[in-house]
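1. structure for the following, please:
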Amino acid sequence: MIGVLRQFRSFDRPIQLLQINQVGINLGFYMLMPYLAHHLATGAGLAAWAIGLILGLRNMSQQGMFLVGGSLSDRLGYKPMIMMGCGLRTVGFALFGLTTSLPLLVLAALLTGFAGALFNPAARAYLACEAGERKVAAFAVFNVFYQGGILLGPLVGVALLSVGFTAVCLSAAAIFAALTVLQGRYLPRRPVLAGDERQPVLRDWKQAFSDRAFLSFATAMIASYGLSYQMYLGLPLEVQRTGGGDRGVTALYALSALLGIAAQVRLTAWCAARWTRGQAITRGLALMGLAFAPLAVAGQLPLPLPWSMLPAVTCTILLTLGTLIAFPFEMATIADMAGDRLIGTYYGVYNLLSGVGILAGNLLAGAMVDVARSSGWASLPWLLLAAAGLASAAAVRRLERHNRLAIEVGALGTRH
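-> Prediction:
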């Protein structure tokens with residue numbers, strides 16, 4: 001942690017604020033969201049279809065609106081979008097705790113999701129612009145704070161549940177309200193293009209979607225998001241199947257978050273000293289794919305109860321390490337591909353495509369788990385996930401070999 005604090009202090013105040021903002025965002029989010037479905041069922045008395053609708057709309061309104069949020073941040077400024085997103089999430093989380101009306105709960109879900117679509121690309125674009133040549137190091141520290149929020153959120157949330165779910169919601173809303181004020185008071189406003197320098201929004205979108213190098217990279221990375229999301233689908237199902245129960249699932253989340261906090265900065269510095277960005281991303285993706293090999297082996301060679309959690313633990317460690325290796329270099333590459341003017345838009349497009357990867361990965365993994373259960377091919381889901389990771393690594397490696405990831409940056413960071 002001393003290395004993390006040293007890196008944190010080495011950045012200017014705007015980057016420090018953005019990193020604090022991210023730990024607050026994840027703290028508030030993970031205080032509430034893990035317990036929302038249970039509250040909607042027992043506290044609000046909703047049917048399963050209504051709960052699915054609310055959770056689905058929250059995710060759709062975030063993933064589907066990333067492009068809009070990214071474009072707005074390029075045009076109106078990163079700071080206003082960060083503040084607006086935190087403000088909307090304040091209202092959405094408060095509504096979750098103050099009403100059991102289905103229409104108002106739907107509104108809360110939409111506000112909460114759209115809030116993420118506003119502040120997520122804006123915060124990353126601001127960080128990339130402010131960090132300049134230190135993008136990789138800045139995103140490494142950013143991910144430490146990100147993981148810290150994931151680790152603390154559920155612990156704070158479960159403690160507040162003894163008071164009541166309303167207390168959880170209002171406390172999470174208060175965190176986002178405080179973040180709104182903090183960013184408004186202390187985060188400098190970055191200059192935006194004057195009206196006569198802007199081109200139409202559709203032309204901005206066309207530029208992003210016509211950038212073959214960027215789209216090739218984003219497409220190659222889609223599988224990684226399907227793999228990383230197995231922390232919330234495939235791995236919990238496997239832990240439950242092998243008798244680990246809810247405590248086993250919680251232990252995996254804690255292990256992943258603690259590993260991110262402890263290792264991210266040192267691991268990124270080690271990789272940056274030895275590899276190019278493309279090599280780091282490639283090797284991170286390959287490790288993410290290989291992470292599922294222990295589960296594939298265990299599907300054919302079941303372990304006795306004392307050791308039954310070992311494959312899932314090994315998968316979690318390797319999957320987390322692969323993500324830690326790739327993430328800072330991945331974020332820096334996107335920003336450099338975007339140049340100065342459309343960083344928010346490029347992050348918006350990228351997040352939109354990563355949402356496709358999560359959806360496809362969940363559908364594939366879920367379907368293959370069902371097939372495995374009915375056919376006895378217990379290794380099938382894990383083999384396919386491993387193959388997806390290795391194929392993604394090969395695709396990024398090919399892009400680097402053809403110099404599709406080598407972005408020449410001029411004095412002002414404009415792409416040539």
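
2. contacts only, for residue 135.
-> By C-beta atoms under 8 Å, 6 or more residues apart in numbering, residue 135 lies in contact with 127, 128, 328, 331, 332, 335, 336. For every residue, glycine as well, the C-beta is placed using N, CA and C.

3. which strand or helix spans the last one?
-> The one in question is residue 336. helix 310-338 (DSSP states H and E).

4. and the helix or strand that that helix is followed by with helix 310-338, angle?
-> Per DSSP H and E, the first helix or strand lying C-terminal to helix 310-338 is helix 343-375. Here the directions of helix 343-375 and helix 310-338 differ by 150 degrees (axes from the mean of the first three to the mean of the last three C-alpha atoms, to 10 degrees).

5. same for helix 343-375, what does it pack against?
-> Applying 3 or more C-beta pairs under 8 Å, 6 or more residues apart in numbering; DSSP states H and E, one finds that helix 343-375 contacts helix 48-63, helix 66-76, helix 102-131, helix 201-210, helix 212-228, helix 234-241, helix 310-338, helix 380-401.

6. how far does that helix sit from its chain's centre?
-> 13 Å (C-alpha atoms, centre = their mean, to the nearest Å).

7. just stretch 71-82 next, same as before
-> The answer for stretch 71-82 is 20 Å, by C-alpha atoms, centre = their mean.

8. just to be sure, residue 174 is in a strand?
-> No: per DSSP: H, G, I helix; E, B strand; the rest coil, residue 174 lies outside any strand segment and is helix.

9. quick check: closest non-adjacent residue to it.
-> Of all residues not flanking residue 174 in the chain, residue 90 sits nearest, at 7.9 Å (C-beta to C-beta, 6 or more residues apart in numbering).

10. ok, now which ones touch the one you found?
-> 173, 174, 176, 177, 180.

11. do that again at 10 Å, thanks
-> By C-beta atoms under 10 Å, 6 or more residues apart in numbering, the residues touching residue 90 are 28, 111-112, 115, 170, 172-180.

12. follow-up on the earlier one: which of the contacts of residue 135 are buried?
-> Among the contacts of residue 135, the ones that count as buried by 16 or more other C-beta atoms under 10 Å are 127, 128, 328, 331, 332, 335, 336.

13. which of those residues lies closest to residue 48?
-> residue 331 (37.1 Å; C-beta to C-beta).

14. leaving out sequence neighbours, find the closest residue to the closest one.
-> residue 139 (4.4 Å).

15. now swap in residue 213 and tell me
-> Closest to residue 213 by C-beta to C-beta, 6+ apart is residue 404, at 4.6 Å.

16. give me the secondary structure label for the one you found.
-> Put simply, residue 404 is coil when judged by three-state DSSP.

17. wait, it touches residue 216, no?
-> Yes: with contact defined as C-beta atoms under 10 Å, residue 404 counts as touching residue 216 (6.0 Å).

18. so what sits against both of the two?
-> With C-beta under 10 Å, 6+ apart as the test, residue 404 and residue 216 both reach 396, 398.

19. follow-up on the earlier one: isn't the residue nearest to residue 331 right up against residue 280?
-> No: checked against C-beta under 10 Å, the pair residue 139 and residue 280 is beyond contact range at 11.9 Å.

20. what sits in contact with each of those two?
-> With C-beta under 10 Å, 6+ apart, residue 139 and residue 280 have common neighbours 268, 327, 328, 329, 330, 332.

21. residues contacting the closest residue to the second one other than its chain neighbours?
-> Leaving out its chain neighbours, the residue that sits closest to residue 327 by C-beta to C-beta, 6+ apart is residue 143, at 5.6 Å. By C-beta under 10 Å, 6+ apart, the residues touching residue 143 are 19, 22, 260, 261, 264, 265, 268, 323, 324, 327, 328, 331.
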